[in-house]
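Asker: generate a structure from the sequence data that follows.
(one chain, ligands or ions: 1)
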Amino acid sequence: MKFRSIKGTKDILPDESGTWQAVERTIRDVMHVFNYKEIRTPVFEETALFARGIGELTDIVGKEMYTFDDRGGTSLTLKPEMTASVIRAYIQHQLGEQQPLTKVYYIAPMFRQERPQAGRLRQFHQFGAEAIGGQQPAIDAEIVALCVEVYRQLEIDNVELRINSVGCETCRPVYKEKLKKFLRPRLDDLSEESKRRFDQNPLRILDSKDEDDRALTKGAPLLIDHLCEICGAHFNGVMRALKSLGIAFEIDGRIVRGLDYYTKTAFELIGKELGSQDALVGGGRYDLLVKELGGKQTPAVGFAAGIERLLMVLGKQKKRVGAVVRPTVFIVAADNSSRDHALREAAVLRRAGVSCEIDLLERSLKSQMREADRQRAENVIVLGEREIQSNEVAVKNMQTGEERRIALSQLIDFFTKPR
Ligand code: AMP
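Answerer: Sure, this is the predicted structure:
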């Protein structure tokens, strides 16, 4: 029998994990600088949490969730996104009681049963942040700045920040009627998907990817032009804050986050080289979600970013992050009787924090040298009878070819002290 990874999932192989670690380190550093603390929640939750928190009418809940009954008959779902989970934890552990503004971030795998294609996986990874407990525009701006900073630090260019406002319970229903009035005469010509959305979620028709839909909705009224006073003032506040932070953005009236719990700010970061799956980040304000999930009315804002897509952009821009992981020193045993000595020297160096490799496969001197080369060890030491007798070895720098004679007792210093 031949086993293969499940369609839409990917192995991160040893030669790739260095890049992942470097990207994750950058994310953690930026989060730390902005004073966001990490939150980790379980991989699965009760299905009802997502049905409630993401919305029954969304694609995710409607057709993409990995849902199963456990042996006790409880319906569980692998996390398709993180916000509902974070808010569940926020309410459950009363995080809001400890501080008025809770700032958290995450890096975690997500699961959606989508049709696999470039940029769309069934298990993928997101990083993101949520700021829970404030409605001030400066918080929206901080969330945007935080996410933009990760891409800036990784020197990713050709990205575009697009922002919009999706209003609130006051202005959105009034606007929805205006939009429906505009769409009704065009309804027969819209795509099947958009027809279905007409009654339940007409705003989503505006961000349809279908070319004909796009042509038909040209000139449609946009919510951004019909915001109530409060939402209008909030949007102006966010734009003002972004300007003073020096963050460039475009207003895009067609960005919708789709759900009723989303309010006011919606934004996306687009990778211009990514083709049809070009969204690197989706984010926005969701002032109604905490209450919807059983907590007190608490305004919040956050974003989620796909790590595989970030890596795709890094690849397209031919940027390397993360050093190749290689041993500082490879100790080659000159003959079989020196193997124990090599093992002991390696143990001493490793205990001192020096990355060190030895041959465990009892290979010949020649093939040990080849292995040291293959692993791109920075230095090689050949240890034999003579070296053991004299307590001195030759350390060969593999890049320069230079050899230095070093006493065994000085080896740790040689590798750990700056020269
Ligand atoms: P969403 O939670 O759908 O707003 O997605 C946020 C970000 O996660 C997107 O902008 C993508 O970068 C990434 N993403 C979403 N779905 C997938 C997927 N199926 N495969 C890979 N990345 C995804």
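Asker: list the buried residues in stretch 198-212.
Answerer: Neighbour counts over stretch 198-212 (16 or more other CB atoms under 10 Å) mark Phe198, Asn201, Pro202, Leu203, Arg204, Ile205, Leu206, Asp207, Ser208 as buried. Placement of C-beta: from N, CA and C, glycine included.
Asker: turn the residues you listed into TSV, columns for secondary structure and pLDDT.
Answerer: Putting the buried residues of stretch 198-212 into TSV (DSSP: H, G, I helix; E, B strand; the rest coil; pLDDT from 0 to 100) gives the following:
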residue	secondary structure	pLDDT
Phe198	helix	89
Asn201	coil	84
Pro202	helix	90
Leu203	helix	90
Arg204	helix	88
Ile205	helix	91
Leu206	helix	90
Asp207	helix	84
Ser208	coil	85
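Asker: name the residue of the stretch 301-419 of the chain that lies nearest to the ligand.
Answerer: In the stretch 301-419 of the chain, the residue that lies nearest the ligand is Gly306 (2.4 Å; CB to the nearest ligand atom).
Asker: wait, that residue touches Arg120, no?
Answerer: No: contact criterion CB atoms under 8 Å: Gly306 and Arg120 do not qualify, at 9.5 Å.
Asker: out of the two, which sits in the more crowded spot?
Answerer: Gly306 (23 against 16; other CB atoms under 10 Å).
Asker: can you list the residues of the chain near the ligand?
Answerer: By CB under 6 Å from any ligand atom, the part of the chain that sits against the ligand consists of 81, 112, 114, 119-121, 124, 126, 279-282, 304-306, 308-309.
Asker: same thing but at 8 Å, please
Answerer: Residues of the chain found near the ligand (CB under 8 Å from any ligand atom) are 8, 60, 80-81, 110, 112, 114, 119-122, 124-126, 128, 257, 268-269, 277, 279-283, 303-310.
Asker: could you check how many residues crowd around Ile54?
Answerer: Ile54, neighbours per other CB under 10 Å, totals 23.
Asker: just the residues of the chain next to the ligand: which are in helices?
Answerer: Of the positions in the residues of the chain next to the ligand, Ile307, Glu308, Arg309, Leu310 sit in helices, assigned by DSSP state H.
Asker: model confidence score at the second one, please.
Answerer: Yep, that's Glu308 we're talking about. Glu308 is assigned a predicted lDDT (pLDDT) of 96.
Asker: isn't it right next to Arg122, touching?
Answerer: No: applying CB under 8 Å, one finds Glu308 not in contact with Arg122, separated by 11.4 Å.
Asker: Leu280: how many residues sit nearby?
Answerer: By other CB under 10 Å, the residues close to Leu280 number 25.
Asker: what sits against it?
Answerer: By CB atoms under 8 Å, 6 or more residues apart in numbering, the contact list for Leu280 reads Tyr151, Val159, Glu268, Leu269, Ile270, Gly271, Leu274, Ala305, Gly306, Arg309, Leu310, Val313.
Asker: look up how far Met110 lies from the first one.
Answerer: Put plainly, it is Tyr151. 19 Å (CB to CB, to the nearest Å).
Asker: picking that back up, could you dump the ones in helices among the residues of the chain next to the ligand into CSV with neighbour count added?
Answerer: Formatted as CSV, those follow (neighbours: other CB atoms under 10 Å):
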residue, neighbour count
Ile307, 20
Glu308, 18
Arg309, 24
Leu310, 25
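Asker: and stretch 345-359, what's its mean pLDDT?
Answerer: Averaged across stretch 345-359, pLDDT comes to 97.
Asker: ends of it, how far apart?
Answerer: Length of stretch 345-359, first residue to last, CA to CA, to the nearest Å: 13 Å.
Asker: pull out the buried positions in it.
Answerer: Here stretch 345-359 shows Glu345, Ala346, Leu349, Val354, Cys356, Glu357, Ile358, Asp359 as buried, counting by 16+ other CB under 10 Å.
Asker: shouldn't Glu357 be in contact with Phe330?
Answerer: Yes: at 4.9 Å, Glu357 and Phe330 qualify as touching, with contact defined as CB under 8 Å.
Asker: find the residues that touch each one of these two.
Answerer: In contact with both Glu357 and Phe330: Ala372, Gln375, Ala377, using CB under 8 Å, 6+ apart.
Asker: out of the residues you listed, who's the most crowded?
Answerer: Among the shared contacts of Glu357 and Phe330, the one with the most neighbours (other CB under 10 Å) is Ala372, at 25 neighbours.
Asker: tell me, how many residues neighbour the nearest residue in space to Ala129 that is not next to it in sequence?
Answerer: Nearest residue to Ala129, sequence neighbours excluded (CB to CB, 6 or more residues apart in numbering): Tyr105, at 4.2 Å. Tyr105 has 24 neighbouring residues, counting by other CB under 10 Å.
Asker: paired strands for the helix or strand containing Tyr105, with orientation please.
Answerer: In the assignment (DSSP states H and E), Tyr105 maps to strand 102-111. Strand pairing for strand 102-111, using DSSP bridges, gives strand 37-38 (parallel), strand 123-132 (antiparallel).
Asker: which secondary structure elements does the helix or strand of the chain with the lowest mean pLDDT sit against?
Answerer: Counting by mean pLDDT, DSSP states H and E, the chain has its least confident helix or strand at helix 59, which shows a mean of 84. With contacts taken as 3 or more CB pairs under 8 Å, 6 or more residues apart in numbering; DSSP states H and E, helix 59 sits against no other helix or strand.
Asker: right, and the helix or strand after that helix?
Answerer: Following helix 59 in sequence, per DSSP H and E, is strand 67-69.
Asker: flag every buried residue along the helix or strand following that following strand.
Answerer: Going down the chain from strand 67-69, the next helix or strand is strand 75-78, by DSSP H and E. Across strand 75-78, burial judged by 16+ other CB under 10 Å covers Leu76, Thr77, Leu78.
Asker: Ala394 belongs to a strand, doesn't it?
Answerer: Yes: using DSSP: H, G, I helix; E, B strand; the rest coil, the assignment for Ala394 is a strand.
Asker: what sits closest to it if chain neighbours are left out?
Answerer: Nearest to Ala394 is Glu403, by CB to CB, 6+ apart, at 4.8 Å.
Asker: which residues touch that neighbour?
Answerer: Contact analysis of Glu403 by CB under 8 Å, 6+ apart lists Ala394, Val395, Lys396, Asn397.
Asker: cool, and Val290?
Answerer: Counted by CB under 8 Å, 6+ apart, Val290 has contacts Ile87, Tyr90, Ile91, Ile132, Lys296, Gln297, Thr298, Ala300.
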